[in-house]
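Visitor: turn this into a model:
(one chain, ligands or ions: 1)
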Amino acid sequence: MSIGSPALGSRLDACLAAAVAAEPHLADTAAVIAAIAAASIDISEVIGRGALGGDLAAAGEHNSDGDVQKALDVIAHQRVTEALQAAPVAEVASEEAEGVMHLNAGAPLAVAIDPLDGSSNIGVNMAVGTIFGIRPAVTAEGDPIASFTTPGTAQTAAGFVTYGPATALILTLGHGTQVYVLDRDQRAFRLTHAALEVPAAAKEYAINASNARHWDGPIKAFVEDCLRGAEGPHDKDYNMRWLGSLVADAQRVLMRGGVFLYPGDGRKGYAQGRLRLLYEAAPIAMLMEQAGAGATDGERRILDIAATGIHERVPLVFGSVEEVASVAKYYDGRNHAAGRSPLFGQRGLMRS
Ligand code: AFP
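Guide: Residues are numbered from 1 along each chain as shown. Have a look, this model is predicted:
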């Protein structure tokens, strides 16, 4: 948001108007955000009815990656697509569509979106979300995905909606990261946090530890050192969380710090991890950096990475800058065994 941000409690439309007043070039971006926010209110109401609205977790077709689409995946995809059709959007890269969707020829913007992330949580009433990144549309002869092969730094805005105990919109237009909560009486998002600041250091890490035997050495060593706690090189005890919902883990990290890791691993198809660069990692990376946190693939800054395919996966590490930097040290060839104590030597807790 611009200098002199609106007061807490302000509605999203007023906050967007203030941002556009300060930077008129954001007008089209603001219109797209308003469209996605409106769609997310409808999606929130469908999710909020749970099984009363039918089996939202019912299996349907397969999406671009072979994942089984749940009924709610399809509902969310259809609702956001309708919203974007009425906004200044030329193209959409959606997790739920094989190729680039062409909406309004000549429109200025392109949107990468995961209409419903965390769908395996739907049937068990856990938090799910919608994740989006907005960037200028690019036309290049012979390159049908040119809008999406620019690096994440091209994004003019990014955000996600967490459909959790509250429905929250986490948003950045390049001037800090804000939190809005859905006021269900008004059917409007209202500002609750004007500028998130993620603590530089943390005592909480998030990783799916069931994959430990598949991780590469640096990740094994980092997690092992977290497990060592105050007796190890990090000199502090850690807590662990893994919610199985990227938006829920990301919101926790944004609100109280921590580090999230979904690395590449040795499983078939997981060499680049599970998460997608365009509509998961890049939007979250912008939100993190705008809140004073970091986001890498373990070593490289996520926002510097340009996709070569719209469903490309990327290893993802984000959160408190000291923790993200610590992970990178384990990838540095000189420090592969950073902090290794003689006690554990080469055959540590998790060493294969
Ligand atoms: P689903 O959309 O298939 O539930 O996947 C959710 C997700 O992409 C992301 O939200 C989680 O952080 C991650 O997968 C969890 O992956 P694991 O199930 O491998 O832990």
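Visitor: CA atoms only for stretch 185-198, dumped as PDB, please.
Guide: What follows is stretch 185-198, C-alpha atoms only, in PDB (Å, rounded to 0.1, in the frame of the first residue of the first chain):
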ATOM      1  CA  ASP A 185     -22.000  -9.500   7.500                       C
ATOM      2  CA  GLN A 186     -20.800  -7.000   4.900                       C
ATOM      3  CA  ARG A 187     -19.500  -9.600   2.500                       C
ATOM      4  CA  ALA A 188     -16.300  -7.500   2.300                       C
ATOM      5  CA  PHE A 189     -12.700  -7.900   3.300                       C
ATOM      6  CA  ARG A 190     -11.400  -5.500   5.900                       C
ATOM      7  CA  LEU A 191      -7.900  -4.500   6.800                       C
ATOM      8  CA  THR A 192      -6.500  -6.100  10.000                       C
ATOM      9  CA  HIS A 193      -2.700  -5.800   9.400                       C
ATOM     10  CA  ALA A 194      -1.300  -2.900   7.400                       C
ATOM     11  CA  ALA A 195       2.300  -4.100   7.100                       C
ATOM     12  CA  LEU A 196       3.400  -7.600   8.300                       C
ATOM     13  CA  GLU A 197       7.000  -7.900   9.500                       C
ATOM     14  CA  VAL A 198       8.300 -11.500   9.700                       C
END
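Visitor: can you give me the helices in the stretch 51-200 of the chain?
Guide: 71-85 (DSSP state H, counting those that start in this stretch).
Visitor: near the ligand, which residues of it are found?
Guide: For the stretch 51-200 of the chain, the contact set with the ligand under C-beta under 6 Å from any ligand atom comprises 67, 117-120. All C-beta spots, glycine's among them, are computed from the backbone N, C-alpha and C.
Visitor: how far away from the center of its chain is stretch 107-126?
Guide: Centre-to-centre, stretch 107-126 and its host chain are 10 Å apart (C-alpha atoms, centre = their mean, to the nearest Å).
Visitor: pull out the buried residues from that stretch.
Guide: By neighbour count on 16 or more other C-beta atoms under 10 Å, the buried set for stretch 107-126 is 107-119, 121-122.
Visitor: just the residues of the stretch 51-200 of the chain next to the ligand now: which is nearest the ligand?
Guide: residue 120 (3.4 Å; C-beta to the nearest ligand atom).
Visitor: let me see the ranges of the strands in the stretch 101-250 of the chain.
Guide: Along the stretch 101-250 of the chain, the stretches classed as strands by DSSP state E, counting those that start in this stretch are 101-102, 109-117, 128-136, 157-163, 167-172, 177-183, 188-193, 204-206, 239-240.
Visitor: what packs against the fifth one?
Guide: Using 3 or more C-beta pairs under 8 Å, 6 or more residues apart in numbering; DSSP states H and E as the contact test, the elements touching strand 167-172 are helix 27-48, strand 157-163, strand 177-183, helix 246-256, helix 282-290.
Visitor: what are the contacting residues of that strand?
Guide: 12, 33, 37, 40-41, 44, 157-162, 177-182, 189, 192, 250-251, 254, 286-287, 290-291 (C-beta atoms under 8 Å, 6 or more residues apart in numbering).
Visitor: give me that answer again for 6 Å
Guide: 37, 44, 158-162, 178-182, 189, 286-287, 290 (C-beta atoms under 6 Å, 6 or more residues apart in numbering).
Visitor: swap in stretch 113-126?
Guide: 56-57, 70, 72-73, 76-77, 80, 94-96, 128-132, 245-247, 279-280.
Visitor: quick check: buried residues in stretch 79-91?
Guide: 79-81, 83-84, 87-91.
Visitor: for this protein, where's the lowest mean pLDDT among helices and strands?
Guide: strand 68-70 (a mean of 71; mean pLDDT, DSSP states H and E).
Visitor: which regions of the chain lie under the pLDDT threshold?
Guide: 1-4, 64, 66, 68, 333-352 (pLDDT under 70).
Visitor: what residue is smack in the middle of it?
Guide: residue 284 (3.6 Å; C-alpha atoms, centre = their mean).
Visitor: so that residue sits against residue 249, correct?
Guide: No. Applying C-beta atoms under 6 Å as the test, residue 284 and residue 249 come out as separate, 9.6 Å apart.
Visitor: returning to that earlier point: dump the strands of the stretch 101-250 of the chain into CSV; add distance to residue 224 as well.
Guide: Converted to CSV, these look like this (distance: least, C-beta to C-beta, whole Å):
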stretch, distance to residue 224
strand 101-102, 44
strand 109-117, 29
strand 128-136, 31
strand 157-163, 31
strand 167-172, 32
strand 177-183, 32
strand 188-193, 35
strand 204-206, 12
strand 239-240, 13
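Visitor: many thanks, I have nothing further to ask.
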